[in-house]
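[1] What follows is a predicted structure for the sequence shown.
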Amino acid sequence: MSRKEIVLVTGANGEVGHGLIKHLGENQLANIVAIDIHPLDEELRPYCREMITGDILDKMLLGRLVFAYEIRTIYHLASILSTRAEFNPEAAHRVNVEGTLNLLRLGVEQSQWQGRAVKFIYPSSIAVYGLPDLATKEREGRLSEWQWTAPRTMYGCNKLYCEHLGRYYASYYRQLARDRHPASIDFRCVRFPGLISAFTLPAGGTSDYAPEMIHQAAQNLPYACFVRPDTRIPFMVMPDAVRALVDLEAAPRAQLSTEVYNVTSFSLSAAEIRAEVRNEFPQAQVSFEPDLARQGIIDSWPADVDDDLARKDWDWRPQYGHQQAFYNYLFPNIRQRYA
Ligand code: AKB
């Protein structure tokens with residue numbers, strides 16, 4: 001019986017899910033099966049072959065997919081972000097780690113049916129870093145993939161561990177078994193900085209102050225920024241984030257020298273983001289009211305990351321630098337959205 005080849009997207013309703021499904025759908029790049037815990041947004045439905053409202057912790061549901069489809073690639077986007085995860089760390093661990101394990105297991109079963117590796121594309125985060133204090137953050141500047149990976153949040157711990165799980169499933173899964181099936185998961189991971197979309201707002205992250213500040217200003221609403229003005233982390237806009245995922249998926253395996261790649265675009269302080277916002281929306285009312293706990297999380301994340309390896313191995317380049325991100329993508333689209 002021939003089964004339809006599909007691409008599976010988990011966390012389909014999330015910010016990255018929106019961008020990715022639209023991109024794949026508009027360019028007719030894949031038959032998409034989308035899973036989310038909530039019913040899929042109307043606007044994404046035309047792009048999907050099937051929409052499943054369900055939980056990635058439901059093994060029966062995932063088991064059904066093994067028989068129904070030939071899965072070429074899994075984009076595993078579902079996760080509970082850094083701030084929300086701190087309110088219920090054990091629940092976050094279940095979704096972020098056990099959920100990922102279930103998807104990796106699904107990939108292994110699929111690859112055994114197909115006799116080829118299933119691509120597993122995983123978005124990790126700058127939350128995997130954990131700098132001990134501001135002096136170290138300032139001194140260290142751009143961090144490579146391997147430096148200061150001692151995260152302070154449950155989300156960061158989950159992401160870092162899942163990077164390792166992916167590497168394990170790709171290279172060492174059941175390494176002592178006689179019937180070992182080599183290379184069943186082709187695991188590829190990008191570590192994202194804070195992401196900003198013109199069309200959606202994040203839910204439960206700690207880098208959310210940047211998108212919130214811009215979207216509030218566009219609606220002429222006041223915003224109290226929960227970090228200090230000098231707070232600096234790297235950012236990227238959504239079209240570049242989507243491109244990073246699909247470009248990494250398309251890269252020839254032989255060119256990839258590692259499983260985990262930093263990607264970034266521009267690094268700005270909260271004060272610099274406010275200056276851009278005020279330049280576009282002179283009436284914007286943005287104040288700074290730091291929340292010490294969330295500030296502590298952001299201070300442990302790097303001011304910038306080094307993405308040279310991604311540039312070298314799969315020709316990664318952001319299309320939206322600082323100026324293009326604000327003036328060619330964010331401001332025009334956000335203005336239109338709230339017009
Ligand atoms: C968060 O703030 O939790 C996310 C992230 C940086 O991964 N946006």
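    That came through fine.

[2] going forward, measure contacts and count neighbours with C-alpha atoms only.
    OK.

[3] residues near residue 67, how many?
    One way to gauge burial is a neighbour count; for residue 67, by other Cα atoms under 10 Å, it gives 12.

[4] what comes up buried for the helix or strand it falls within?
    Using DSSP states H and E, residue 67 sits in helix 59-68. By 16 or more other Cα atoms under 10 Å, the buried positions in helix 59-68 come out as 62, 66.

[5] Low-confidence ranges, the stretch 151-300 of the chain, go.
    Residue ranges of the stretch 151-300 of the chain with pLDDT under 70: 183.

[6] Would you map the strands across it?
    185-192, 194-196, 223-225, 232-237, 260-262, 266-269, 286-288 (DSSP state E, counting those that start in this stretch).

[7] Same list (the ones you listed) but as CSV, adding distance to the ligand.
    Listed next are the strands of the stretch 151-300 of the chain as CSV, based on distance: least, Cα to the nearest ligand atom, whole Å:
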stretch, distance to the ligand
strand 185-192, 7
strand 194-196, 4
strand 223-225, 14
strand 232-237, 9
strand 260-262, 12
strand 266-269, 13
strand 286-288, 18
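
[8] The ligand versus the closest residue to residue 39 other than its chain neighbours, what's the distance?
    Using Cα to Cα, 6 or more residues apart in numbering and skipping residues adjacent in sequence, the residue nearest residue 39 is residue 53, 5.3 Å away. Here the distance between residue 53 and the ligand works out to 23 Å (Cα to the nearest ligand atom, to the nearest Å).

[9] got it, and residue 172?
    Relative to the ligand, residue 172 is positioned 27 Å away (criterion: Cα to the nearest ligand atom).

[10] what number of residues lie near that residue?
    The burial metric for residue 172, expressed as a neighbour count using other Cα under 10 Å, is 14.

[11] Got phi/psi on it?
    The phi and psi torsions at residue 172 (degrees, to the nearest 10) take the values phi -130, psi 10.

[12] in the sheet, who's paired with residue 71?
    For residue 71, the beta-bridge partners under DSSP bridges are residue 6.

[13] Isn't it up against residue 6?
    Yes: using Cα atoms under 8 Å, residue 71 is in contact with residue 6, at 5.0 Å.

[14] More neighbours: these two, which one.
    When neighbours are counted by other Cα under 10 Å, residue 71 comes out ahead of the other of residue 71 and residue 6, with 24 against 19.

[15] pLDDT (mean, whole number) over the helix holding residue 67?
    Helix 59-68 shows an average pLDDT of 92 in the prediction.

[16] again with stretch 25-42
    Throughout stretch 25-42, pLDDT has a mean value of 94.

[17] Now do the helix holding residue 67: everything it contacts.
    By Cα atoms under 8 Å, 6 or more residues apart in numbering, the surrounding residues in contact with helix 59-68 are 3-4, 54-56, 102-103, 106, 109-110.

[18] and those, which of them are in strands?
    Of the positions in the contacts of helix 59-68, residue 4 sit in strands, assigned by DSSP state E.

[19] PyMOL command for the buried members of the contacts of helix 59-68?
    In PyMOL, the members of the contacts of helix 59-68 classed as buried (16+ other Cα under 10 Å) are selected with the following command:
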select buried, resi 54+55+56+102+103+106+109+110
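
[20] For the single nearest residue of the stretch 1-150 of the chain relative to the ligand, give its distance to residue 245.
    Of the stretch 1-150 of the chain, the residue with the smallest distance to the ligand, taken as Cα to the nearest ligand atom, is residue 82 at 3.7 Å. Residue 82 sits 21 Å away from residue 245 when distances are taken as Cα to Cα, to the nearest Å.

[21] Compare these two and say which is more crowded by neighbours.
    Looking at residue 82 and residue 245 with other Cα under 10 Å, you find the greater number of neighbours at residue 82, namely 26 against 19.

[22] Can you pull the phi/psi pair for that one?
    Note on residue 82: its backbone torsions stand at phi -60, psi -40 [degrees, to the nearest 10].

[23] roughly how far apart are it and residue 211?
    When distances are taken as Cα to Cα, residue 82 and residue 211 turn out to be 16 Å apart.

[24] So which residues of the stretch 1-150 of the chain form strands?
    According to DSSP E, counting those that start in this stretch, the stretch 1-150 of the chain carries its strands in the segments 4-10, 32-36, 48-53, 69-76, 118-125, 142-143.

[25] OK, contacts around the residue nearest to residue 18 when sequence neighbours are not counted?
    If the residues on either side of it in the chain are set aside, residue 18 comes closest to residue 12, at 6.5 Å by Cα to Cα, 6+ apart. Residues in contact with residue 12, defined by Cα under 8 Å, 6+ apart, are 18, 21, 34-36, 40, 77-78.

[26] Give me the pLDDT value at residue 12.
    According to the per-residue confidence, residue 12 scores 98 in pLDDT.

[27] on that earlier part again, now narrow the contacts of residue 12 to whatever sits close to the ligand.
    The subset of the contacts of residue 12 within reach of the ligand, counting by Cα under 6 Å from any ligand atom, is empty.

[28] all helices for the stretch 51-200 of the chain, in order.
    Across the stretch 51-200 of the chain, reading from the start of the chain, the helices by DSSP state H, counting those that start in this stretch fall at 59-68, 82-87, 89-93, 99-114, 134-140, 154-171.
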